[in-house]
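J.: would you be able to build a 3D model of this:
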Amino acid sequence: MGAALRLLLFLGATLALGAQNATPPPIDLQRIHFGQWKRELASLKGRIVVVDVWATWCAPCLERFPHVVTLYNQYKDRGVTFVSLCVDDREDPQAVEQARQFLRRQKAAFRNYLMDENITQAFEKLDLLGIPAVFIYDRSGRLRHNFNGDDPNHQFTQKQVEEALARLVADQDQ
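T.: The predicted model follows:
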């Protein structure tokens, strides 16, 4: 084996090992007021945006969240931005830390916000009666899908979210 080939193999292995040991960005939970949230959402115009509204006290939210992370990994390089919007009690440090730790365990390496409103105001401003909820916005910033927990007898499925996102991405790719 020539010296040049050995050098190339060594450099390739070194780069691959370095990529494996690269530190992922820190996963955190940022407080956001509703007005800031609307501006943040508007700033994402031009991208498809998936917003997952959840709380640590909501068992179905915690159960569904890994699916959001899976979709993020599937679509992050296709012009889709994922955001989690936690509605846990901002005044309860233990709940906020529990939410932060949950996000880290899930490896939710996207934007994670904590609504800096009381829960009644947050639900009212988000026009929700129940969670979990997933909002999907098209590239023009228009809400295209509103999957929510408003009717406990008719909950949305992960398949519905996945199919809606796949259709929107396919439509926008054309």
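
J.: you'd agree Phe34 is up against Asp127?
T.: No - Phe34 lies out of contact with Asp127 (CB atoms under 8 Å); the separation is 11.3 Å. C-beta coordinates here come from the backbone N, C-alpha and C atoms, glycine included.

J.: lowest-confidence helix or strand of this protein?
T.: Considering only helices and strands, the least confidently modelled element of the chain by mean pLDDT, DSSP states H and E is helix 3-20, at a mean of 40.

J.: tell me where the model's unsure across this structure.
T.: 1-25, 172-174 (pLDDT under 70).

J.: could you pull out the strands for it?
T.: Per DSSP state E, the chain carries strands over the ranges 30-32, 48-54, 80-86, 111-115, 133-137, 143-147.

J.: with mean neighbour count added, can I get those strands in CSV?
T.: Formatted as CSV, the strands of the chain follow (neighbours: other CB atoms under 10 Å):
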stretch, mean neighbour count
strand 30-32, 15
strand 48-54, 24
strand 80-86, 23
strand 111-115, 22
strand 133-137, 22
strand 143-147, 16
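
J.: mind checking which of those is nearest Val68?
T.: Using CB to CB as the criterion, the shortest distance between Val68 and the strands of the chain is 4.7 Å, found for strand 48-54.

J.: I'd like the distance between the closest residue to Gly46 other than its chain neighbours and Asp171.
T.: Take Gly46 and drop its neighbours on the chain: the residue closest to it by CB to CB, 6 or more residues apart in numbering is Arg139, 5.7 Å away. The spacing between Arg139 and Asp171, counted by CB to CB, to the nearest Å, is 10 Å.

J.: which one's more surrounded, the two?
T.: In this comparison of Arg139 against Asp171, neighbours counted by other CB atoms under 10 Å, the higher total goes to Arg139 at 17 against 12.

J.: can you pull the phi/psi pair for the closest residue to Arg100 other than its chain neighbours?
T.: Taking CB to CB, 6+ apart as the measure, Arg100 lies nearest to Leu29, with 4.7 Å between them; neighbours along the chain are not counted. Backbone torsions of Leu29, given as degrees, to the nearest 10, read phi -130, psi 110.

J.: so Leu29 sits against Leu114, correct?
T.: Yes - checked against CB under 8 Å, the pair Leu29 and Leu114 is within contact range at 4.9 Å.
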